[in-house]
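K.L.:
please find the sequence and the predicted model below.
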Amino acid sequence: MTDATPGNRRVAGRPLFLRIFALLLGSLIAVQAMNAILVIVTPPPAPRLFSLDQIERALRGGESETFKRSEQSDPGVEQGSAPRERHIRDLLAARLNVGPDAIRVSLRRPLGPRRFLGPRPISRDAGAFEGVVGQFTIALRQSNKQWVAVSPAGPDIAFWRWRALATLLFALIVAAPIAWWLSRRIAKPIAMFGAAAERLGRDPNSPPIEMSGPPEVAEAAFAFNEMQARLQSYVANRSLMLGAVAHDLRTPLMRIGLHLEHAPKPVRSAIQGEVGEMQAMVAAVLAFLRDQEQPARRQSLNFRAIIESVADELADEGHQIELVEGPPMVVEGNRSALKSLVSNLMRNAVNHADGPIRAVLGANASVVWLEVRDHGSGIPEEMLERMFEPFVRGELSRSRQTGGIGLGLASARAVARGHGGDVTLANRPDGGLTARVELAR
Amino acid sequence: MAHLLIVDDDAGIRTLLGESLRARGYAVHLAADTTAMDSILAREPIDLIILDVMMPGESGLSACRRLALQDGPPVILLSARGEEADRILGMELGAGRYLPKPCSPHEIAVHVQAALRDRGHGHGRTGDARRFAGWRIDLASYELLDPAGVLTDLTEGEFKVLRAFVEHPRRVLSRDLLLDQSRGPDSESFDRAIDIQVSRLRRKLRAPGDEMIRTVRNEGYMFVPEVVRI
């Protein structure tokens, strides 16, 4: 069992839904507050209402604070074609006592619907007042052929709109990183679950996930850890049963051996062969089960010495093994587990290859690696990964003498993974198979 | 005639093994558990105990430790677990030898013979360690540590040759004597010329020349470093 008991649950902070709720509410308030500040702090658009009297005075040279006035040789603007523009031209021409061709009126067209926002003359019917709303330019030809152009001074309404847009942009730039950070925080537990599930898939004994964070996350983490614990106990029960069967077979096997003492020689040697085979199978199952567990005792050891020992044992049995000498390769590990790993790989190689096998040892910053290369026929690519499944053997025709019972590579991989590494198989382009072990340094 | 005591809870193994050893000329006593073992030990002069590890009641390992503390007869542990960790633990607890189940009557007989021969030699008792040239060898647990404290694996053959060397330092040991020392009862696996064992040992000790194990022409080998018992 893991420590995934309710008492250990660490519930920090408010529920996730409250957090999201608060986040949404908070951002709404922040946006509204910013708008309010914009409205209160920034000056409202200047009054854009000008009477025809004012315009008339401006064209004559007065009202210099309200209007920009310039004199030039050309009018600078064309007469607008809209009825309102013509109407204002006519009114001003009458007031100034000039012909309509001496006046040019251009009212700027707004972005929005003209009806509400556009500069427009105030109708005579609305009262005694006559004037223009919004931005405009009106030019008057003077007697000296120079043109005088007037337009309202100060910021116009468009400037005010641009400023509102800029404020929004500024708010976006400020808010984006904060929103990013908060969303990441909320999404983090989900990513954590993904990683934990991935870990569990590879190693049922991976550590339980930490149960901190908002209650929903802690709840889910608790359920996840419970599931993992149940999976572990399920696997453990299966292993225990398999182990018990294999283990209990040893006593009758030994009794058979003892009974055989008095049997006639041909019978004895035949049965001894069979017993030996059964013994090897039992040993393989037990070794496999042992390698599934993390080896308890670790110490720093010279991986090269283990490879040399295994290679020498195989050489004594008449196999040819090339192994180049070199400096010690120190790893933290369990001697007997690593020895069985190396022995599994090398025995596979000598059993399935014609000719000598080659063991190459190396290291980089993070791992110590061993490659066992044979010159056999290799393994079909699609079978490479399956070879690591328990009880899977490369060739169906393979005899038990060479093939064992299909637990060697499964054991080897379990040991390597227990040492922070892995075992992989690859066919070489020049023929033959390479088994590569990596162990964390 | 040597007196053997077989302690095993499995009646089949107990009686069959007993018959087999009796046929080889030993006086055999049988016990089903360690209580029976103790009462037989109290009245018979037992020379060697063959002790099963997994038994109801007191386990073989615990009985083994008790016997070692009382300076009792040598023990051969018989275990169905047959794992190296068990073997090392058994050795550390004072068992001189360790046999995995199942094993043939022949193997057991060979080990019994060897154990009786070794009596009093004190091979592989707890804490029997030596130091030489910065290296440390634990004769009980088969562990060789290099000067940096890194475990260096030895094959059984290499270990036995090295043990012979550290037990007789600075003396010329003949090939025959080394072969005799290194050849265990299960000799088939390393029945090789002693020269090969020595050259492998030199490689493991990272002293390829004569600096640690000197070749003495026509006589044998001599272990050069000073050996300190620790």
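P.N.:
Thanks, I have it. Note that this is a predicted model, so its numbers are computed, not measured.

K.L.:
and residue B:110, what element?
P.N.:
Assigned by DSSP states H and E, residue B:110 falls within helix B:105-118.

K.L.:
and for that helix, what are the contacting residues?
P.N.:
Residues from elsewhere that reach helix B:105-118, judged by Cβ atoms under 8 Å, 6 or more residues apart in numbering or on different chains: A:257-258, A:261, B:2, B:4, B:17, B:20-21, B:24, B:26, B:47-48, B:50, B:74, B:76, B:78, B:96-97, B:99, B:184-186. Heads up, the C-betas are built off the backbone N, CA and C, glycines and all.

K.L.:
one more time with 6 Å
P.N.:
Outside helix B:105-118, the residues within contact range by Cβ atoms under 6 Å, 6 or more residues apart in numbering or on different chains are A:258, A:261, B:2, B:20, B:24, B:48, B:74, B:76, B:96-97, B:185.

K.L.:
ok, so of those, who is nearest residue A:147?
P.N.:
Distance to residue A:147, by Cβ to Cβ, is smallest for residue B:97 among these, at 122.9 Å.

K.L.:
partners of the closest residue to the closest one other than its chain neighbours in the sheet?
P.N.:
Spatial nearest neighbour of residue B:97, excluding adjacent residues (Cβ to Cβ, 6 or more residues apart in numbering or on different chains): residue B:76 at 4.5 Å. According to DSSP bridges, the partner residues bridging residue B:76 are residue B:50, residue B:97.

K.L.:
spit out the contact partners of residue B:76.
P.N.:
Counting by Cβ under 6 Å, 6+ apart, residue B:76 touches B:50, B:97, B:111, B:115.

K.L.:
10 Å - rerun?
P.N.:
Residue B:76 makes contacts with B:4, B:6, B:48-51, B:64, B:90, B:95-99, B:108, B:111-112, B:114-115, as judged by Cβ atoms under 10 Å, 6 or more residues apart in numbering or on different chains.

K.L.:
can I have the buried ones of those residues as a PyMOL selection?
P.N.:
In PyMOL syntax, the buried subset of those is picked out as below (16 or more other Cβ atoms under 10 Å in any protein chain shown):
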select buried, chain B and resi 4+6+48+49+50+51+64+90+95+96+97+98+99+108+111+112+114+115
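
K.L.:
which positions in the stretch 151-300 of chain A make contact with chain B?
P.N.:
Selection of the stretch 151-300 of chain A residues close to chain B by Cβ under 10 Å from any Cβ of the partner chain yields A:246-262, A:272, A:275-276, A:278-279, A:282-283, A:286-287, A:290, A:295-297, A:299-300.

K.L.:
just those residues: which are in helices?
P.N.:
Counting by DSSP state H, these place A:246-259, A:272, A:275-276, A:278-279, A:282-283, A:286-287, A:290 in helices.

K.L.:
from these, which would you call buried?
P.N.:
A:246-247, A:249-251, A:253-258, A:272, A:275, A:278-279, A:282-283, A:286-287, A:290.

K.L.:
can you find the helix or strand in chain B with the smallest mean pLDDT?
P.N.:
Ranking every helix and strand in chain B by mean pLDDT, DSSP states H and E puts helix B:84-92 at the bottom, with a mean of 67.

K.L.:
which pLDDT value belongs to residue A:332?
P.N.:
At residue A:332, the predicted lDDT confidence score is 90.

K.L.:
I'd assumed residue A:298 was in contact with it.
P.N.:
Yes - contact status for residue A:332 versus residue A:298: in contact at 5.3 Å, counting by Cβ atoms under 10 Å.

K.L.:
shared neighbours, those two?
P.N.:
Listed as contacting both residue A:332 and residue A:298 by Cβ under 10 Å, 6+ apart are residue A:419.

K.L.:
just checking, what packs against whichever strand or helix holds residue A:161?
P.N.:
Using DSSP H and E, residue A:161 falls within helix A:157-202. Helices and strands touching helix A:157-202, by 3 or more Cβ pairs under 10 Å, 6 or more residues apart in numbering or on different chains; DSSP states H and E, are helix A:16-41, helix A:215-259.

K.L.:
for the shortest one, packing partners?
P.N.:
Counting contacts by 3+ Cβ pairs under 10 Å, 6+ apart, the secondary-structure elements packed against helix A:16-41 are helix A:157-202, helix A:215-259.

K.L.:
just the endpoints, please. Distance across stretch A:375-384?
P.N.:
16 Å (Cα to Cα, to the nearest Å).

K.L.:
re the thing from before, among the contacts of helix B:105-118, which one lies nearest to residue A:194?
P.N.:
Ranked by distance to residue A:194 (Cβ to Cβ), these are led by residue B:97 at 53.2 Å.

K.L.:
over to residue B:65: give its phi and psi.
P.N.:
In terms of degrees, to the nearest 10, the main-chain angles of residue B:65 are phi -60, psi -40.

K.L.:
okay, domains of chain B per the record?
P.N.:
B:3-118, B:129-229 (automatic domain parsing).

K.L.:
wait, residue A:308 touches residue B:204, no?
P.N.:
Yes - Residue A:308 is within contact range of residue B:204, at 6.7 Å (criterion: Cβ under 10 Å).
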